[in-house]
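>>> I'll drop the sequence and a predicted model, then ask my questions.
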Amino acid sequence: MTSGKTENHHLAATDGGTVASSDTAAGGYAAATAPTAAHATDSNAGAAGQPPRVVHSRADYLAALAELPGSVGLVMTMGALHEGHLELVRQAHTHADHVVVTIFVNPTQFAPGEDFDAYPRTLEADVAALTTVGADLVWAPAPEDVYPEEPLITLDPGPVGRHLEGASRPTHFAGVALVVTKVLNLTRPQVALFGEKDAQQLAVIRAFVRDLDMPVQIVGVPIVRDTDGVALSSRNQYLSAEERVSARSLNRALRVADEAAAAGAPPALVIASARQVLDAEPGVEIDYVELVDDHSFQPVSAGHPSGRVQARLLIAARVGTTRLIDNAVMTVEVRG
Ligand SMILES: Nc1ncnc2c1ncn2[C@@H]1O[C@H](COP(=O)(O)OP(=O)(O)OP(=O)(O)O)[C@@H](O)[C@H]1O
Ligand SMILES: CC(C)(CO)[C@@H](O)C(=O)[O-]
Ligand code: BAL
C-alpha cells in the first residue's frame, strides 16, 4: 500500500508523478505489429517489442499457460488499453518471469442498462500496445469460454463491497469476484496486479484472496493520470471535449480535500471541501464522495477512534452521461 505522501504525487497533473498523454494506448501504437496467433518461442518471448501470443478458447489458454515455465504475473483487463493498463504490465514484469494479460468485457459485472454493449472493444490496438511493453500471453475469450455453463454460485463481496460502488451497482462486485476467482483459478499466477483507480475493487479482491486462502499475491498499482490530472480510464473515451474539461474537477476535488486534511480539517469538512469543487462544476453530478479508512474500507465517520487515520477519499460522479470514479489517499485527523 502506498503512503499518503507517495499517492499525493499522483494527484498532481504535472508534478512528475506517473502521467500519460492519452486515454488510449492504441492511438500512439497504430503502426505496431498486428495481433498474431503465432507463438514467439524464442527466449525474447514476452519482451518489449515482441508481440504476445494471443489465444481465445479456454483450451488454448490452458495449453499456452502450460508452456510458460517459471512464475506468472496476471493483469486482468477489459481491454481498450491505455497507459494505466500498460503500467500494470510493466510492474508485472518486475514480479514474475512471465506476464499474462486477459482482455474480457465481463458480462456478469454489468447490470442491465449499463454500458456492456457500448464498452470499447479494440483487440488489435490492444495487442499492438502490449507489444510495446511486452507480454507473453493474451487471453481474449468469448463469454462462453469463461462461462461455459450458467454460473450457479453467487459470491457475496461482504462489507467492503456493499457500500459506494456496491450501493450504486449492487450486482457489480459479485460479478467482479466471480470472474476474478475463475481467472485466478484457471491461470494460477503467483502475482496478480490491479489498479488503485478501482480502489474498492482492489479491496474486495484482497478480502476474497485473504478469506478464501487463495494462493496468489495481490499487488496494487497507483493511479496513472493524464497530463491534465484526469485518471486514465477506458470510459474517458465517452467524454466530449467539453465534458473532458469538466472531468478534471474530480482530481481537483481530491487535491482540495487533501489540502483540507493536511490543514487539520475533520472528516466531514474534508468531504464537504471536495463536494464544493464538484458542485461548482457544470455538467458534473455527484454519485458519492466518501472518506474511508484505507485499511477497513469503512467510512471514517463519527465514532471512529481518534487519531491520525490513513484514509482514502473516493468520488463517483457522472460527467454528462459518463460515470467516472477517482480516489486518493490522505491522512485525516479524527478527534474523539
Ligand atoms: N488510470 C489507471 N491507473 C492504474 N490502474 C488502472 C487505471 N485504469 C485502469 N486501471 C486498472 O486496470 C485494470 C483493468 O481495468 P479496466 O480494463 O476496467 O480499465 P479502466 O480504464 O478502469 O476501465 P473503465 O473505464 O471501465 O473503468 C484494473 O485493475 C484497473 O484498476
Ligand atoms: C478486474 C476486471 C478485469 C474484472 O472484469 C475489471 O473489473 C476491471 O477491468 O477492473
Ligand atoms: N474497472 C472497472 C470495471 C467496471 O466498471 O465494470
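Received the coordinates, thanks. Ligands and ions are numbered 1, 2, ... in the order given.

>>> all contacts plus neighbour counts: C-alpha atoms, from now on.
Will do.

>>> what pLDDT, on average, does stretch 270-279 get?
The average pLDDT within stretch 270-279 is 98.

>>> got the CA coordinates for it in CSV?
Coordinates of the C-alpha atoms in stretch 270-279 are reproduced here as CSV (Å, rounded to 0.1, in the frame of the first residue of the first chain):
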residue,chain,number,x,y,z
VAL,A,270,-12.7,17.2,4.1
ILE,A,271,-15.7,15.6,2.3
ALA,A,272,-17.5,18.9,2.1
SER,A,273,-14.5,20.6,0.5
ALA,A,274,-14.4,18.0,-2.3
ARG,A,275,-18.2,18.3,-2.8
GLN,A,276,-17.9,22.0,-3.1
VAL,A,277,-15.5,21.7,-6.1
LEU,A,278,-17.7,19.2,-7.8
ASP,A,279,-20.9,21.1,-7.2
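
>>> and it, what's buried?
For stretch 270-279, a neighbour-count test (16 or more other C-alpha atoms under 10 Å) marks 270, 271, 272, 273, 274, 275, 277, 278 as buried.

>>> then stretch 136-149?
Buried residues in stretch 136-149 (16+ other C-alpha under 10 Å): 136, 137, 138, 139, 140, 141, 142, 146, 147.

>>> residues of the stretch 101-250 of the chain that sit close to ligand 1?
Contact residues, the stretch 101-250 of the chain versus ligand 1 (C-alpha under 6 Å from any ligand atom): 194-198, 221-225, 231-235.

>>> if you set the cut-off to 5 Å instead, what comes out?
Residues of the stretch 101-250 of the chain lying close to ligand 1 by C-alpha under 5 Å from any ligand atom are 194, 195, 197, 198, 223, 224, 231, 232, 233, 234, 235.

>>> who touches stretch 91-101?
Stretch 91-101 has contacts (C-alpha atoms under 8 Å, 6 or more residues apart in numbering) with 46, 68, 70-77, 89, 135-139, 190-193, 221.

>>> so what's the gap between stretch 201-219 and the chain middle?
With C-alpha atoms, centre = their mean, to the nearest Å as the basis, stretch 201-219 stands 15 Å off its chain's centre.

>>> give me the residues contacting it.
In contact with stretch 201-219 (C-alpha under 8 Å, 6+ apart) are residues 157, 160-161, 173, 176-177, 180, 188-196, 220, 297.

>>> please enumerate the helices of the stretch 201-336 of the chain.
241-262, 267-279 (DSSP state H, counting those that start in this stretch).

>>> ugh, typo on my part, it should be the stretch 51-200 of the chain
Remark: helices assigned in the stretch 51-200 of the chain by DSSP H, counting those that start in this stretch are 58-66, 83-93, 123-133, 143-146, 165-168, 172-187, 199-211.

>>> okay, these, which one's buried deepest?
Most buried of those, by mean neighbour count (mean count of other C-alpha atoms under 10 Å): helix 123-133, with a mean of 24.

>>> who does that one touch, helix- and strand-wise?
The contact analysis (3 or more C-alpha pairs under 8 Å, 6 or more residues apart in numbering; DSSP states H and E) places helix 123-133 against helix 25-28, helix 83-93.

>>> and of the buried residues of stretch 136-149, the nearest to ligand 1?
residue 140 (12.4 Å; C-alpha to the nearest ligand atom).

>>> now the end-to-end length of stretch 166-173.
7 Å (C-alpha to C-alpha, to the nearest Å).

>>> check the offset of it from the chain's centre.
In terms of C-alpha atoms, centre = their mean, the centre of stretch 166-173 is set 16 Å apart from its chain centre.

>>> now stretch 47-58
Here the centre of stretch 47-58 is set off from its chain's centre by 21 Å, with C-alpha atoms, centre = their mean.

>>> ok, residue 261 - contacts?
267, 270, 330, 331, 332, 333.

>>> likewise for residue 121?
Per C-alpha under 8 Å, 6+ apart, neighbours of residue 121: 79, 80.

>>> where does this structure have its least confident helix or strand?
Evaluated with mean pLDDT, DSSP states H and E, the helix-and-strand set of the chain has its lowest mean pLDDT in helix 4-9, which scores a mean of 28.

>>> residues from the stretch 51-200 of the chain in reach of ligand 2?
Going by C-alpha under 5 Å from any ligand atom, the residues of the stretch 51-200 of the chain near ligand 2 are 76, 77, 78, 176.

>>> the last one contacts residue 110, doesn't it?
No. Distance between residue 176 and residue 110: 9.2 Å, which falls outside the contact criterion (C-alpha atoms under 8 Å).

>>> coming back round to it: most neighbours, which of the residues of the stretch 51-200 of the chain next to ligand 2?
residue 76 (23 neighbours; other C-alpha atoms under 10 Å).
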